[in-house]
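Colleague: Starting from these lines, generate the structure:
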Amino acid sequence: MGIHGLTKLIADKAPGAIKEHKMDSYFGRKIAVDASMSIYQFLIAVRQGDQGQLTNEAGEVTSHITGMLYRTIRMMEAGIKPAFVFDGKAPTLKGGELAKRKERKQAAEAELTRLQETGEGTAEDIERQQKRLVRASREQSEEVKKLLTLMGVPVVDAPCEAEATCAKLAEAGLVFGTGTEDADALTFGTPKLIKNLNASEAQKKPIIEIDLARALEGLELTMAQFIDLCILMGCDYTDTIKGIGPIKGLELIKKHKTMENVLAEVKKMGPKYEIPDPFPYEEARALFVTPLVVDTSSVELKWTEPDAAGLLQYLVHEKQFDETRVKKAIERLQKCKGKNSQNRLESFFGPVTVKAAEKRPVPVTKGKPGKGKFGKGPPAKKAKK
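Modeller: Here you go, the predicted structure:
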């Protein structure tokens, strides 16, 4: 679910923190991708018309495998080096959110049954309810792990929330940023949040990059205040406070500095503002500040040659994919290897330090200045005839 309205709030109040890029702008970048979010997206998006998710001859759903195969190849063709991080056990505090999701799923099942039995709904109505029923299973996650391993792409098992481990990998400098649609990766501290990596080429969506440092600067908040704001806005661990949205929440945090002070103020504001009971903000804060993540010092991300024979065996013989299409995908994947072994230009040229620049002699010229391509400068010498 992420943080209610956080991306829009940053766009409105700290627009300098958000940039749009093309995918090839990330050439040579290592990006930690929230695998569980990706699988969910593929189960929703990769479909066979109005018949629902893609399936093989045995009736097994293959949307997640197809999506992961081709979207990952697309990233790698742009020179990106993705590392996929999988969710571990959900924190106990997330139980309330999971219960709500279960209720929403049951409501969608009932509505879908009603539409199908009465014939009242349109094809769009039925598809909408079908998408609300989509949940990624543990088995589907294991299938994707096997696929990625055969593709030569690193896989990381998070002990808890994938976004938290992605953020810590980025903080440790092992990757450039976190690829996910959930803005709570920022709350976990990722320096860069990268959205739309899994969008299809046909959608022509730009990559959206959100810079945490610039967001904090634009919102005029410390990281601790930003975390409290995210909890106040509504996250996976707490309900929202009735009557307080993103703008009001930002106003209160900036004025009162901490959640404790904000809650004391809200209690004076009258019955219009209702604090949920319970409202475990301290536990939520701890989950964002000190989440359960992998030990980054023991993580080694390696991108290896794809196992062509293994991919053919898995996709064609086990999952009944078309052999011709799989062979073409493998060819594309093999061509990515050379591209991904290259480094970004900045890795070859270190930044010029101020001291070095100060030591560099500045030439002094006499005579009237002339004009050239780069503005004023010494007069150009006349060419000898």
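
Colleague: ok, and the closest non-adjacent residue to the residue most central in space within the chain?
Modeller: Nearest to the mean C-alpha position of the chain, counting by CA atoms, centre = their mean, stands T180 at 1.6 Å. Nearest residue to T180, sequence neighbours excluded (CB to CB, 6 or more residues apart in numbering): D34, at 3.7 Å. Using the backbone N, CA and C atoms, a C-beta is placed for each residue, glycine as well.

Colleague: I'd say that neighbour and D184 touch.
Modeller: No: using CB atoms under 8 Å, D34 makes no contact with D184, being 10.2 Å away.

Colleague: Spell out the residue ranges of the helices in the stretch 51-200 of the chain.
Modeller: Along the stretch 51-200 of the chain, counting by DSSP state H, counting those that start in this stretch, helices occupy 63-77, 95-118, 123-132, 138-151, 162-171, 184-187.

Colleague: residues of the fourth one that come out buried?
Modeller: Put plainly, it is helix 138-151. Residues of helix 138-151 classed as buried by neighbour count (16 or more other CB atoms under 10 Å): Q140, S141, E143, V144, K145, L147, L148, T149, L150, M151.

Colleague: Run through the stretch 201-350 of the chain and note the low-pLDDT ranges.
Modeller: Counting by pLDDT under 70, the stretch 201-350 of the chain shows low-confidence ranges at 338-350.

Colleague: Just the helices from it, written as ranges.
Modeller: Ranges of helices within the stretch 201-350 of the chain are 212-219, 223-233, 246-256, 259-266, 281-289, 308-311, 323-340, based on DSSP H, counting those that start in this stretch.

Colleague: Mind putting the ones you listed into TSV with distance to G2 and mean neighbour count?
Modeller: Output for the helices of the stretch 201-350 of the chain, formatted as TSV (distance: least, CB to CB, whole Å; neighbours: other CB atoms under 10 Å):
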stretch	distance to G2	mean neighbour count
helix 212-219	14	18
helix 223-233	9	23
helix 246-256	13	18
helix 259-266	19	17
helix 281-289	12	18
helix 308-311	33	15
helix 323-340	30	15
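
Colleague: Q320: neighbour count?
Modeller: The tally of other residues near Q320 (other CB atoms under 10 Å) stands at 14.

Colleague: how many neighbours does the closest residue to it other than its chain neighbours have?
Modeller: Excluding its sequence neighbours, the residue lying closest to Q320 (CB to CB, 6+ apart) is N56, at 4.0 Å. Other residues lying near N56 total 13 when counted by other CB under 10 Å.

Colleague: Surely N56 is in contact with F321?
Modeller: Yes: shown here, N56 and F321 form a contact pair, counting by CB under 8 Å, at 7.5 Å.

Colleague: Quick check: neighbours shared by those two?
Modeller: T62 (CB atoms under 8 Å, 6 or more residues apart in numbering).

Colleague: can you list the domains in this protein?
Modeller: 6-220+318-328, 223-288 (automatic domain parsing).

Colleague: Generate a markdown table for those domains, with distance to C336 as supplementary columns.
Modeller: Output for those, formatted as a markdown table (distance: least, CB to CB, whole Å):
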| stretch | distance to C336 |
| --- | --- |
| domain 6-220+318-328 | 4 |
| domain 223-288 | 35 |
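
Colleague: Minimum distance to L311: which of those domains has it?
Modeller: domain 6-220+318-328 (4.9 Å; CB to CB).

Colleague: re earlier: of D34 and D184, which one has the most company?
Modeller: Counted by other CB under 10 Å, D34 and D184 do not tie: D34 has more neighbours, with 27 against 22.

Colleague: L312 and K327, how far apart?
Modeller: 7 Å (CB to CB, to the nearest Å).

Colleague: what comes up buried for stretch 157-166?
Modeller: Neighbour counts using 16+ other CB under 10 Å place A158, C160, E161, A162, E163, A164, T165, C166 of stretch 157-166 among the buried residues.
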